[in-house]
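Q: predicted model, plus sequence, below.
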Amino acid sequence: MSTDPLTPAVSARICAHMNDSHADAVAAYSRYYGGAESPQQVRMLTVEADYMTLEVDGSTLQIPFDHTLKDSEDAHRTLVAMLRAMPCSNGKDS
């Protein structure tokens, strides 16, 4: 995996990948970290250095990271770690 600065283009690439290939993980982030009870439509909109922004059933939701992301590789590791930290997570979305 390449290490790229967390630019808007890199954020868009991460979001497209997550929305296309890991939609279940994006919904899980909204439930576990964002408190969404029964999300129906969830999309990752941006990945910033300090938080991710999701669109959950037409509303935006910001979920903070536990540290400031340094680059795309750090974003990947952090998103995987957040998924694995959830109860009943089996890591299949990594």
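A: Perfect, thanks for sending it. Every value quoted in this text rests on a predicted model; they were computed, and no experiment measured them.
Q: which intervals of this structure have sub-threshold pLDDT?
A: Low-confidence regions of the chain, defined here as pLDDT under 70, cover residues 1-2, 89-94.
Q: try it again at 90.
A: For the chain, the stretches with pLDDT under 90 are 1-4, 87-94.
Q: please enumerate the helices of it.
A: Counting by DSSP state H, one finds helices in the chain at the ranges 8-21, 23-32, 72-84.
Q: quick one: the longest one to helix 72-84, angle?
A: What it means is helix 8-21. Counting by axes from the mean of the first three to the mean of the last three Cα atoms, to 10 degrees, helix 8-21 lies at 30 degrees to helix 72-84.
Q: elements contacting helix 8-21?
A: On a contact count with 3 or more Cβ pairs under 8 Å, 6 or more residues apart in numbering; DSSP states H and E, helix 8-21 meets helix 23-32, strand 42-47, helix 72-84. (C-beta placed from N, C-alpha, C; glycine too.)
Q: for those, give me TSV that also has mean neighbour count and distance to Leu61.
A: Below are these laid out as TSV (neighbours: other Cβ atoms under 10 Å; distance: least, Cβ to Cβ, whole Å):
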stretch	mean neighbour count	distance to Leu61
helix 23-32	19	6
strand 42-47	20	9
helix 72-84	17	14
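Q: dump these to a markdown table, plus distance to Ser59.
A: Formatted as a markdown table, the entries for the helices and strands packed on helix 8-21 read as follows, by distance: least, Cβ to Cβ, whole Å:
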| stretch | distance to Ser59 |
| --- | --- |
| helix 23-32 | 10 |
| strand 42-47 | 10 |
| helix 72-84 | 20 |
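Q: can you tell which of these is closest to Ile14?
A: For Ile14, the closest of these is strand 42-47, at 5.0 Å, according to Cβ to Cβ.
Q: out of the helices of the chain, flag the one nearest Pro39.
A: When the helices of the chain are ranked by distance to Pro39, counting by Cβ to Cβ, first place goes to helix 23-32 at 4.9 Å.
Q: other SSEs contacting the closest one?
A: Where contact means 3+ Cβ pairs under 8 Å, 6+ apart, helix 23-32 is packed against helix 8-21, strand 42-47, strand 51-56, strand 59-64, helix 72-84.
Q: just send these back as JSON lines, with distance to Ala27 too.
A: Rendered in JSON lines, the data for the helices and strands packed on helix 23-32 read as follows (distance: least, Cβ to Cβ, whole Å):
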{"stretch": "helix 8-21", "distance to Ala27": "11"}
{"stretch": "strand 42-47", "distance to Ala27": "5"}
{"stretch": "strand 51-56", "distance to Ala27": "9"}
{"stretch": "strand 59-64", "distance to Ala27": "12"}
{"stretch": "helix 72-84", "distance to Ala27": "11"}
